[in-house]
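In: Take a look and give me a structure for this.
(chains A, B, C and D, ligands or ions: 2)
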Amino acid sequence: MTALDVAAIKADFPILSTTVRGGQPLVYLDSGATSQKPKSVLDAERDYYEQHNAAVHRGAHALAELATEDFEDARKVIAGFVGARAKDLVFTKNATESLNLAAYAFSNASAIATHHSGAIDPRFILKPGDSIVITEMEHHANLIPWQEVCRKTGASLRWISLTEDGRLDLSNLDELIDSTTKVVSIVHQSNILGTINPVQLIMDRTHAVGAVGIVDGCQSVPHMPVNVHELHADLFAWSGHKMLGPTGIGCLWGTEEILEAMPPFLTGGSMIQMVEMEKSTFAPPPQKFEAGTPVVAQAVALAAAVRYLENLGMQEVARHEHLLAEHTVNALNALDGVRIIGPTTSWERGSAVSFVVDGLHPHDVGQVLDSRGVAVRVGHHCAWPTCRHFGVPSTTRISPYIYNDIADIDAALEGIVAAQEFFGVK
Amino acid sequence: MTALDVAAIKADFPILSTTVRGGQPLVYLDSGATSQKPKSVLDAERDYYEQHNAAVHRGAHALAELATEDFEDARKVIAGFVGARAKDLVFTKNATESLNLAAYAFSNASAIATHHSGAIDPRFILKPGDSIVITEMEHHANLIPWQEVCRKTGASLRWISLTEDGRLDLSNLDELIDSTTKVVSIVHQSNILGTINPVQLIMDRTHAVGAVGIVDGCQSVPHMPVNVHELHADLFAWSGHKMLGPTGIGCLWGTEEILEAMPPFLTGGSMIQMVEMEKSTFAPPPQKFEAGTPVVAQAVALAAAVRYLENLGMQEVARHEHLLAEHTVNALNALDGVRIIGPTTSWERGSAVSFVVDGLHPHDVGQVLDSRGVAVRVGHHCAWPTCRHFGVPSTTRISPYIYNDIADIDAALEGIVAAQEFFGVK
Amino acid sequence: MDLESLYQDIILDHYKHPRGKGLLNKPLGSAFHVNPTCGDEITVQVNRDAEGGLIIGYDGQGCSISQASASVLVELITGESIERSEVIRKAFLELMHAQGVGEPDEDVLGDAIAFAGVAKFPARVKCALLSWMALQDAEIQAGLITTGEGA
Amino acid sequence: MDLESLYQDIILDHYKHPRGKGLLNKPLGSAFHVNPTCGDEITVQVNRDAEGGLIIGYDGQGCSISQASASVLVELITGESIERSEVIRKAFLELMHAQGVGEPDEDVLGDAIAFAGVAKFPARVKCALLSWMALQDAEIQAGLITTGEGA
Ligand SMILES: Cc1ncc(COP(=O)(O)O)c(C=O)c1O
Ligand SMILES: Cc1ncc(COP(=O)(O)O)c(C=O)c1O
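Out: Ligands and ions are numbered 1, 2, ... in the order given. The predicted structure follows:
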């Protein structure tokens, strides 16, 4: 029934044939937190270190040339994956840094503007009375940086609220995003609710008021075909480790225009044009935003991850996940005493599904699943305000990926029933 | 003659038995830029991914426990390497981020203080009239972040100048570091000159005026025994990739007191205590400074690098490098038409030696060496103002490490003579 | 895995029938703690009775381990002297950091020895310690102990 | 490695005997470029003679490749029309990005075909292009071409 040959895929991931908790075969359903890595990704990283490793962009010797070529080829491959040009793709250490980079453009510009007039693009200068708009389903990575920008500039934070079934309440969008709005930053696919948001519509409203539009694509890029141009965003952030790539690499795509206009974030070597003790000028993007020795081996490995996904086909990946989502929501809906937090149908939602079990704490549900070898995530999933909105302290989340099949989901479902029985709430 | 068994060490580094430029055996003398990696480091990283990979700190399942344990054990090992406690060690992506983290403490505190009085430690609040003191031999990573702090706060930058033989001119130290000084940030060992600076003396003066003292240890930690407590610094930054570790990890050690007092830098998941839409509170250090999915596999690999170095013994490493430094400076001093930029004796200097050749541009020297398989760095080494100070646009730099022997240095020396001959300047 | 080694009957019993849950009228000290990974919360309060024995109040929400641990805490600490409560608290901390090795002292820990199995699950140790860390802060606030004592 | 394929005799000759080095009195346009990795600098200036042919001035410091390239540039561009100079500039750019494959057109590039070997060394391509990028900027500044043309 599924769009992917999951058995063949599983065989590419060494960790998926390990056992946990005294011999239980591992059923990994925590890919929303971080994905596992196929052999080809690990090989690419190791080959880089064993054959080409050197400082990139700075050296003129043979290895430095090879390393630089590997690094910039990786940039091309990864940018191409989201329909972008290499020169518009900035490497960071994770999506959190990407989003902070975006947020700091505003607080840095505002601070510089108080001491130096001119030279700073006014779009980035915030002051009391200005507003920043996010949603109530943001990951902390797209919430706290904006709280901090507000603390530093006096701007205020607004947010789009949620409907009962975990979608954005767009009824008052035009009031929320108004002439005071300088930034709108929203999640493409919610990591806790699974909701896929109408990003383009919100970005269009953003541009109608002249604000900068930012999208957090952490949970979309790994799971569906994404073309940055179709989203109408100015900046788009995501992480490598959730899409088969290594830890330690994140991405920020931006339009050429916005990347040119933004002040730098991290400063130091490799992002400069000229340096004197008194002042420096900066290289064009993406180098302007990549200070210091970059995440070279990680970029090479992430490019291998992209190749792995492209080989499967992102349309097929999305179709596979849609089938898993459908099975999961239907099965959870049918379970007594279980309530999905988020959309209860598979329409415009990803395969990550959060739920609560009557009378049971998520930690205890997760523990019972864990005792059966099933790894799920429990907690607020770094979206604490979203939990508050739904009146739950936390949830249990099943988040499958390309290497999971229906049997894996069923193992989790059986675990839920076993937890209800163990704690006598059934 | 040497303190290390270099032949045995070379065998641990797969890349060192490769060839470049059509069959030339590789002689890698660019470790000041980035070091090569032994098998044990690559194995550690791979093992982590194949056996334990999961989200750390957030999950409750078996893999998450193992991954968290690996990550926190790595922190202990790496902290221990510089005589520190795990809880005082922050992981970043590179030393550049570590130094930016330190610099942003000041610009962030200053910005917050303009909108919210109280709650911010006054040591971090900068205003016009305040001064920041660095040296004229800083890497751009410890220069531009402070230029940016000045742009944002109105503070001004001062620097300790250099003597003719590439040491710090401390004659006017007490005037440079005075009652206006809020931060002093200096390099422990210069990456371009090789000079080892009297850090403790400068830090003591720093504390005498009540300023915060920061040390850039990028070129000291890989090459000599370092105990952070002996330096009398408040903050100490270095990178993993220059000490046999992977790309994508940097370190920042701080005293408990200073880390507690500093505002956060990157914000998002995992660095929080409580989050509401309106406001958040933050976790204690080091988590406060580690937003988002951390550099887990990189930490595990860096811990393996530390174990490799500890196995050699850092005293032995330092002795080995001292012997190489002695050989290099003596030989370069003896070469006609060659001038060392930096100390011309091996006293208080590391093994990285910069030089210029009369009538030859460093790029051309480097190219001739490269054609012979010898990899050195040419350019301003991200210390452009230092080059300007010495009236050279750039230098050629030999920077050996544990896997280099005298024969490697001699291969470089022969290349210099060959370059002189090729270009007819001899 | 042996689920029963974690969820011992005593723990499940305390979870389902918490002892002494509820806040005090006029606490000497009160501390609110939260587990930042799951959002579990607890408030622990202290006061002293006429003889100087401790009175404990608490309220909160959380998983079976954190709730049972708070209930056991009340049972163990109520009526005890500061000195004795410190002995118990430290013994519990030690038990939680023992990773399941060694023999806990039932004379000191009473029902709390059931938590020995929890120590083998690092992610749950935080749950078990939540109320005990709050107790320490509440006692510091009440001036009964000083900061850092036995931390 | 074959050092001579990079450092062809023509290049070494231009390096040792640069043609037309020196700045103009009253340039129509002038551009200062720097290679941020090594600090090499060049200033390229343009003017036009009575017949509309280009006059080039330059000064700078740098490696053999960047200096020889500037010298070759002067030789090739001096006296040429804007249109012809654009043809030459684009041919040189193409040569530098060809990674050593293909046959450069000697009729267009003259001595500059000696730089074919440089294209095999990515780190040195920047050196060879330094003066040519500055030329483009100087011409833009002088209003002789518009931004982006042939970039
Ligand atoms: C002295 C010094 N400081 C800072 C840095 C920056 O380190 P990284 O590029 O790893 O951030 C380097 C290395 O390039 C260095 O040598
Ligand atoms: C929607 C979303 N945004 C941001 C993040 C942060 O990503 P990272 O931890 O890789 O920085 C995550 C993942 O944790 C996420 O799911």
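In: For ligand 1, give me its nearest residue in chain C.
Out: Relative to ligand 1, the nearest point of chain C is C:Pro36 (29.6 Å; CB to the nearest ligand atom). Every residue, glycine included, has its C-beta placed from N, CA and C.
In: Find the nearest non-adjacent residue to that residue, please.
Out: Spatial nearest neighbour of C:Pro36, chain neighbours left out: B:Gln273 (5.2 Å); criterion: CB to CB, 6 or more residues apart in numbering or on different chains.
In: Tell me which residues are up against the helix or strand that contains the one you found.
Out: Applying DSSP states H and E as the criterion places B:Gln273 in strand B:272-275. Strand B:272-275 is contacted by residues A:His140, A:Leu143, A:Ile144, A:Trp384, A:Pro385, B:Ser280, B:Thr281, B:Phe282, B:Ala283, C:Val34, C:Pro36 when judged by CB atoms under 8 Å, 6 or more residues apart in numbering or on different chains.
In: Can you go through those and name the buried ones?
Out: For those, burial is judged from neighbour counts taken by 16 or more other CB atoms under 10 Å in any protein chain shown, and it is met by A:His140, A:Leu143, A:Ile144, A:Trp384, A:Pro385, B:Ser280, B:Phe282, B:Ala283, C:Val34, C:Pro36.
In: give the contact list for the closest residue to ligand 2 within chain C.
Out: Each residue of chain C has a distance to ligand 2, by CB to the nearest ligand atom, and the smallest belongs to C:Thr37, at 12.8 Å. Neighbouring residues of C:Thr37 by CB under 8 Å, 6+ apart: A:Gly379, A:His380, B:His57, B:Arg58, C:Ala123, C:Lys126.
In: Using a markdown table, lay out these together with pLDDT, neighbour count and distance to A:Leu302.
Out: Output for those, formatted as a markdown table (pLDDT from 0 to 100; neighbours: other CB atoms under 10 Å in any protein chain shown; distance: CB to CB, whole Å):
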| residue | pLDDT | neighbour count | distance to A:Leu302 |
| --- | --- | --- | --- |
| A:Gly379 | 95 | 28 | 27 |
| A:His380 | 95 | 26 | 28 |
| B:His57 | 87 | 20 | 23 |
| B:Arg58 | 76 | 25 | 22 |
| C:Ala123 | 87 | 23 | 29 |
| C:Lys126 | 92 | 19 | 33 |
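In: Which ones among the residues you listed lie within helices?
Out: Secondary structure defined by DSSP state H assigns C:Ala123, C:Lys126 of the contacts of C:Thr37 to helices.
In: Now flag whichever of the contacts of C:Thr37 is closest to B:Lys76.
Out: Using CB to CB, B:His57 is the member of those that lies nearest B:Lys76, at 15.3 Å.
In: What strands line up against the helix or strand following the strand holding B:Gln273, and which way round?
Out: Using DSSP H and E, the helix or strand that follows strand B:272-275 in sequence is strand B:280-282. The pairing partners recorded for strand B:280-282 under DSSP bridges are strand B:272-275 (antiparallel).
In: avg pLDDT for the partner strand?
Out: Mean pLDDT, strand B:272-275: 96.
In: Is there contact, residue-wise, from it to ligand 2?
Out: No: among the residues of strand B:272-275, none lie within reach of ligand 2 under CB under 6 Å from any ligand atom; the closest is 12.5 Å away.
In: in that strand, what counts as buried?
Out: So for strand B:272-275, counting by 16+ other CB under 10 Å, buried means B:Ile272, B:Val275.
In: How about stretch C:47-61?
Out: Taking 16+ other CB under 10 Å as the basis for neighbour counts, the residues of stretch C:47-61 that come out buried are C:Asn47, C:Gly53, C:Leu54, C:Ile55, C:Ile56, C:Gly57, C:Tyr58, C:Gly60.
In: what do you get for stretch A:115-129?
Out: Along stretch A:115-129, the positions that meet the burial threshold by neighbour count (16+ other CB under 10 Å) are A:Ile120, A:Arg123, A:Phe124, A:Ile125, A:Leu126.
In: swap in stretch A:127-136?
Out: Neighbour-count burial for stretch A:127-136 flags A:Asp130, A:Ser131, A:Ile132, A:Val133, A:Ile134, A:Thr135, A:Glu136 (criterion: 16+ other CB under 10 Å).
In: got it, and stretch A:183-193?
Out: By neighbour count with 16+ other CB under 10 Å, stretch A:183-193 contains the buried residues A:Val183, A:Val184, A:Ser185, A:Ile186, A:Val187, A:His188, A:Gln189, A:Ser190, A:Asn191, A:Ile192, A:Leu193.
In: Please apply the same query to stretch A:55-74.
Out: Buried residues in stretch A:55-74, counting neighbours by 16+ other CB under 10 Å, are found at A:55-68, A:70-72, A:74.
In: burial of C:Asn25, as a residue count?
Out: Applying other CB atoms under 10 Å in any protein chain shown, we find 7 residues neighbouring C:Asn25.
In: That one: what secondary structure?
Out: Assigned by DSSP: H, G, I helix; E, B strand; the rest coil, the conformation of C:Asn25 is coil.
In: One more: A:Thr386?
Out: A:Thr386 falls in the helix class when you classify it by three-state DSSP.
In: I'd guessed it sits against A:His140; true?
Out: No: under the criterion of CB atoms under 8 Å, A:Thr386 lies out of contact with A:His140, with a separation of 10.2 Å.
In: Which parts of chain A belong to which domain?
Out: What automatic domain parsing lists as the domains of chain A is A:6-30+A:314-422, A:46-310.
In: any idea which helix or strand carries residue 10?
Out: All of this is about chain A. Taking DSSP H and E as the criterion, the element that holds A:Lys10 is helix A:6-11.
In: wait, chain C
Out: Using DSSP H and E, C:Ile10 maps to helix C:9-16.
In: Please identify the helix or strand for C:Glu75.
Out: Assigned by DSSP H and E, C:Glu75 belongs to helix C:64-77.
In: And the contacts of the helix or strand just after that helix?
Out: With elements assigned by DSSP H and E, the helix or strand that comes after helix C:64-77 is helix C:82-96. Where contact means CB under 8 Å, 6+ apart, the residues beyond helix C:82-96 that reach it are C:52, C:54, C:76-77, C:80, C:104-105, C:108-109, C:112-113, C:115-116, C:118-119, C:125, C:128-129, C:132, C:135-136, C:139, C:144-145, C:149-150.
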